[in-house]
Each structure stands twice: as C-alpha cells, then as structure tokens.
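Undergrad: the sequence and its predicted three-dimensional model are supplied below.
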Amino acid sequence: GYFTTIQAGINFATAGDTINVSAGTYAGNLVIEKSLALKGPNAAKSGTDATRSSEAVIVPGASGAWSEMIQVKASNVSIEGFTLDADNTLLTSTIIGVSGANVDASEAITAYFAGVNNLVVRNNIVQNFDYSAISIYPYYDNASGTVVGGTANSGHVISSNLIRNLGTYSGDSAFWGLGVLLYNNAYAQVTGNTITNVRTGVQTGNFWQASPDSAFDHKIADNTISVRRRGVFNNLFYSAATGFPVSGNTITGVMNANETVFDGILVASYSVTAAHTNNVISAGDVTNPCEGYEVWNSAATPAITIAGGSVTGFTKGLFLNNYEGYNQDSSTGASATVSGLSISNCTTGIEARDSASSSLHGPIALAFGSGVTVSGGVTGLLVSNSNVTVSSLGNAAFTGQSGNYATLVSNANAVDATAATFGGNAGSAAT
C-alpha cells in the first residue's frame with residue numbers, strides 16, 4: 001500500500017515487512033512495535049557519502065522537551081538511509097542547539113523497553129538533538145511500562161551513520177549531547193560512524209549481565225569522533241558483564257568555551273577486562289586541562305589493557321588515579337597494562353596518581369608491556385604519592401622531555417627502568 005505518513009505505513013505493515021520511504025520531509029514522532037525494515041532512499045549509502053540522493057527527512061511532529069522522535073519497542077527493527085533532524089522548521093522551540101538549530105526533540109532513536117534485540121541503525125544522518133542520537137537503554141517492561149531494569153540484550157548494529165551537532169548549553173537539557181548511549185546490558189556494534197560536534201561520542205554504562213549471545217562481536221570500533229568533552233566513556237562493568245572492546249577509533253578534541261576539561265577515552269568503574277587497542281587520540285584545538293586516556297576505579301584483576309595507537313597534545317597522555325576520573329573517591333583505585341602506545345607532545349606523558357583529594361587511597365598499579373614511547377612534553381613519567389606501583393617500565397623509550405624523563409613524588413616504591421631508554425641512553429647504564 002501507499003501512505004502519506006510513515007506511521008500509517010508502520011501501522012499497516014505486518015511483522016517482517018519492509019517499508020520504503022520516498023524522498024521528502026515527514027513530520028511525526030514514530031512508534032515501532034513490530035519487527036520491520038524502514039528504508040529511506042539512501043539505505044545503501046553511508047551518512048558521509050557525497051553521492052547520497054535526495055533525502056527522506058524525518059522531523060518531530062510536535063516540539064517537546066525530552067521527547068523521543070522514533071521509539072523502538074520490538075526486536076529485529078532496522079532504520080536505514082534517512083536524515084533524522086530534531087529541527088522542524090515549522091515549529092518553534094525554546095531550546096537552541098549548538099549549531100543554532102531549533103531543537104524540537106531530545107532523542108532521535110530510542111529502545112527503552114526490555115526484550116528489544118537486533119536493532120540496526122545504519123547509513124543515516126542524525127542531527128540537532130539535545131540529549132542523544134541513539135539510546136539503547138532497556139528500562140521498562142514492554143507491556144506494562146513499569147520499571148524492570150536491564151535484561152541483557154544484544155545484536156544491535158549502529159554503523160556508518162553521520163551523527164552531528166548534538167547538545168545545548170542552556171535549559172534543563174544542557175550538557176548532554178551524546179552520540180550513542182548503551183546502558184543496562186545493551187550489547188552493540190558501534191562501528192564506522194562519523195560523530196562530529198557532539199559532547200560525548202559513545203557512552204556505555206551499568207552492565208552487570210553477560211552478553212546473551214557469545215557469538216555476537218560487540219565493540220566500539222573504527223569510528224571517527226570529534227567531540228567537545230569526551231570521545232568514549234567506557235563505564236561501569238561489574239559482576240558477570242562482558243567488557244566492551246574499544247579499537248581503531250580516531251578521536252579529536254574540539255574546543256568549546258562551555259567545557260572545562262576534555263578526555264579522549266575515560267575507562268571508569270570496571271571490574272572485568274576490556275581491551276583498548278589502536279585508538280588514535282588527539283587533543284585537537286582544546287586548551288583546557290585534558291587527558292588522552294584516563295583510568296579510574298578499575299580493578300587490579302583483570303586489569304584494563306591499552307595497546308597500540310597514539311595520544312597527542314594532551315595535558316596528560318595516560319592518567320591513572322583514584323579520585324580525579326569522576327571527582328569521587330575510589331577504594332578500588334585504578335589498574336592498567338599499557339603496551340605499544342605512542343605518546344607525543346603531552347605536558348606529562350604518563351601519570352599514576354594516588355590523589356591528595358582521596359581519603360580512601362585505593363591502590364594504583366600501572367604495568368608496562370613492550371613498545372611504549374613518550375616523546376616531547378615536560379615530564380615523561382610522573383608517579384605521585386605513596387600508594388602507586390609501577391614495578392617495571394619494560395623497554396619504554398622516553399625522548400625530548402624538557403624536564404625530567406621520570407619523576408617520583410612522595411613514592412618510595414622501586415621502579416625497574418633497566419630495559420627502558422632515556423634520551424637514547426639505556427636505563428641499565430644509569431648511575
């Protein structure tokens with residue numbers, strides 16, 4: 001059949017149908033309660049493809065704070081090839097987004113109901129929302145709407161989208177602007193997206209159940225992310241949760257006067273293992289205090305791993321601490337193993353800090369594998385205060401620091417630097 005609104009097509013369709021949407025502008029807040037494929041004219045072209053044809057543009061049907069434009073309440077739904085825009089130019093909102101657009105909805109696509117699996121969001125342009133582009137956050141019972149928490153779900157694919165211009169710095173929704181939010185055991189592949197001018201690129205949170213599909217390769221990988229506050233927030237995994245690998249992402253900081261700090265990747269509150277591999281992280285034009293990698297409140301066993309890739313231009317290239325990561329005390333402290341990471345032009349290349357702000361003084365443990373390089377900046381390695389262990393530097397190479405290659409402050413623990421090099425000189429030859 002042919003319909004003048006997308007919701008009418010959704011209502012008419014039977015489970016498993018494909019709804020093809022022609023180019024044009026469609027105003028309406030959609031609810032999808034059956035398995036189906038929603039395809040726009042550019043379903044086969046990435047969000048950044050310059051050859052995209054005329055768009056099927058979905059905009060909100062009404063202006064409302066904290067409103068959702070597309071609610072997904074069923075498994076096996078795909079949304080591909082659209083422009084999803086929070087700014088319906090026929091409506092007036094009191095919320096002005098970071099690009100100057102009128103914001104008429106807070107979220108583009110949401111899956112807030114339990115039992116939703118295999119949501120595919122691919123090849124779309126998503127722009128001008130103040131809270132998030134895509135939120136998968138099982139929270140409600142599908143039938144009753146009561147709060148049930150987060151039954152683990154998986155199979156979600158968020159891929160090849162252009163996500164841009166999210167957030168606002170005024171009103172009740174200030175200081176959000178999330179590209180992708182995965183919460184309450186929502187396992188997904190977030191891959192190949194271009195995420196630009198958002199506050200946070202990808203955020204995970206509150207995972208305590210294992211992925212229900214061990215064959216599904218959940219990950220945050222190969223995204224290009226330009227952000228004002230944080231590239232990836234890999235957060236809160238405990239009990240039986242399966243950690244989220246973060247790999248091959250290119251993250252660049254964007255200065256914004258409303259922000260006071262910036263970090264490329266923050267790993268926080270982890271008691272399971274997670275690998276962070278071959279990410280390329282740059283501070284960009286950010287002049288605020290900033291960290292490339294920051295690790296806080298992470299268990300010693302199994303430790304977080306950081307391998308390969310690079311960090312450039314930060315106040316601290318890699319920062320382990322027991323307070324500053326969340327401005328909150330941690331008895332767990334922070335532990336990580338680093339190998340093959342190239343750190344350049346950071347004021348302090350690596351700092352492991354037992355924070356003076358901490359009263360609990362959770363232990364800080366940093367282990368070096370092979371191939372770590374730290375070039376430029378002022379200090380190569382800073383070990384701060386007593387409850388920090390850096391037992392060996394491996395074969396790390398420190399070059400070009402204007403101050404000390406390594407500094408220990410109020411820390412009497414031994415550090416084996418015999419295999420490391422400092423300005424080309426072997427640590428074993430030092431006296």
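TA: Arrived safely.
Undergrad: neighbours around Gly403, how many?
TA: 12 (other CB atoms under 10 Å). The way it works is simple: take the backbone N, C-alpha and C, and place the C-beta from them, glycine included.
Undergrad: pretty sure it contacts Leu382?
TA: No: the pair Gly403 and Leu382 does not pass the contact test of CB atoms under 8 Å, sitting 9.7 Å apart.
Undergrad: quick one, helices of the stretch 1-150 of the chain?
TA: 6-12 (DSSP state H, counting those that start in this stretch).
Undergrad: strands of that one, start to end?
TA: 17-20, 24-27, 30-32, 36-39, 56-59, 68-72, 78-80, 83-85, 107-113, 120-122, 125-127, 132-140 (DSSP state E, counting those that start in this stretch).
Undergrad: could the ones you listed go into a markdown table alongside distance to Pro212, mean neighbour count and mean pLDDT?
TA: Formatted as a markdown table, these follow (distance: least, CB to CB, whole Å; neighbours: other CB atoms under 10 Å; pLDDT from 0 to 100):
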| stretch | distance to Pro212 | mean neighbour count | mean pLDDT |
| --- | --- | --- | --- |
| strand 17-20 | 26 | 14 | 98 |
| strand 24-27 | 34 | 15 | 98 |
| strand 30-32 | 21 | 19 | 98 |
| strand 36-39 | 22 | 21 | 98 |
| strand 56-59 | 30 | 23 | 98 |
| strand 68-72 | 18 | 23 | 97 |
| strand 78-80 | 20 | 22 | 98 |
| strand 83-85 | 28 | 25 | 98 |
| strand 107-113 | 15 | 25 | 96 |
| strand 120-122 | 17 | 23 | 98 |
| strand 125-127 | 27 | 26 | 98 |
| strand 132-140 | 12 | 24 | 94 |
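Undergrad: would you list the ones you listed in TSV and tack on distance to Ala186?
TA: Conversion of the strands of the stretch 1-150 of the chain to TSV gives the following (distance: least, CB to CB, whole Å):
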stretch	distance to Ala186
strand 17-20	25
strand 24-27	27
strand 30-32	17
strand 36-39	20
strand 56-59	23
strand 68-72	12
strand 78-80	16
strand 83-85	19
strand 107-113	8
strand 120-122	13
strand 125-127	18
strand 132-140	4
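Undergrad: where does pLDDT dip in the stretch 301-431 of the chain?
TA: 431 (pLDDT under 70).
Undergrad: if I look at the closest residue to Ser78 other than its chain neighbours, how far off is Ser53?
TA: With CB to CB, 6 or more residues apart in numbering as the criterion, Ser78 has its nearest non-adjacent residue at 3.8 Å, and that residue is Val120. Distance from Val120 to Ser53, counting by CB to CB, to the nearest Å: 21 Å.
Undergrad: what about the strands in the stretch 301-431 of the chain?
TA: So, for the stretch 301-431 of the chain - with DSSP E, counting those that start in this stretch - the strands run 304-307, 310-312, 316-321, 334-339, 342-344, 348-353, 364-368, 373-375, 379-384, 388-389, 397-399, 406-409, 421-422, 425-426.
Undergrad: these: which one's closest to Val198?
TA: Each of the strands of the stretch 301-431 of the chain has some distance to Val198 by CB to CB; the shortest is strand 310-312, at 20.4 Å.
Undergrad: burial measure for Thr312, as a count.
TA: 20.
Undergrad: for it, give me its contacts.
TA: With contact taken as CB atoms under 8 Å, 6 or more residues apart in numbering, Thr312 is in contact with Ile281, Ser282, Ala283, Gly292, Ile343, Ser344, Asn345, Cys346.
Undergrad: top of the residues you listed by neighbour count?
TA: Busiest of the contacts of Thr312 [other CB under 10 Å] is Gly292, holding 32 neighbours.
Undergrad: that's a strand at it, yeah?
TA: Yes: read with DSSP: H, G, I helix; E, B strand; the rest coil, Gly292 is one of the residues of a strand.
Undergrad: test my guess that it contacts Val280.
TA: No: the criterion here is CB under 8 Å, and Gly292 misses it with Val280 at 10.1 Å.
Undergrad: surely Val77 touches Leu38?
TA: Yes: here Val77 reaches Leu38: they are 7.4 Å apart, a contact under CB under 8 Å.
Undergrad: identify the contacts common to the two.
TA: Joint contacts of Val77 and Leu38 (CB under 8 Å, 6+ apart) are Ile32.
Undergrad: residues making contact with stretch 15-28?
TA: Here stretch 15-28 has contacts from 5-7, 9-10, 13, 34-41, 53-61, 74, 76, 82, 88, 90, using CB under 8 Å, 6+ apart.
Undergrad: swap in 6 Å and give it another go.
TA: 5-7, 9, 13, 34-41, 54, 56-59, 61, 88 (CB atoms under 6 Å, 6 or more residues apart in numbering).
Undergrad: ditto for stretch 413-429
TA: Outside stretch 413-429, the residues touching it (CB under 6 Å, 6+ apart) are Thr389, Val390, Ser392, Leu393, Asn395, Ala396, Ala397, Phe398, Thr399, Tyr405.
Undergrad: if we go to 7 Å?
TA: 388-399, 405 (CB atoms under 7 Å, 6 or more residues apart in numbering).
Undergrad: now do the same end-to-end measure for it.
TA: Chord length of stretch 413-429, first to last residue, is 20 Å (CA to CA, to the nearest Å).
Undergrad: endpoint to endpoint, stretch 337-355 covers what distance?
TA: So stretch 337-355: terminal residues 20 Å apart, CA to CA.
Undergrad: quick one: buried residues of that stretch?
TA: Buried residues in stretch 337-355, counting neighbours by 16 or more other CB atoms under 10 Å, are found at 337-355.
Undergrad: if any of the contacts of stretch 413-429 are buried, put those into a ChimeraX selection.
TA: The ChimeraX command for the buried members of the contacts of stretch 413-429 (criterion: 16+ other CB under 10 Å) is given here:
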select :388,389,390,392,393,394,395,396,397,398,405
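Undergrad: good, wrapping up.
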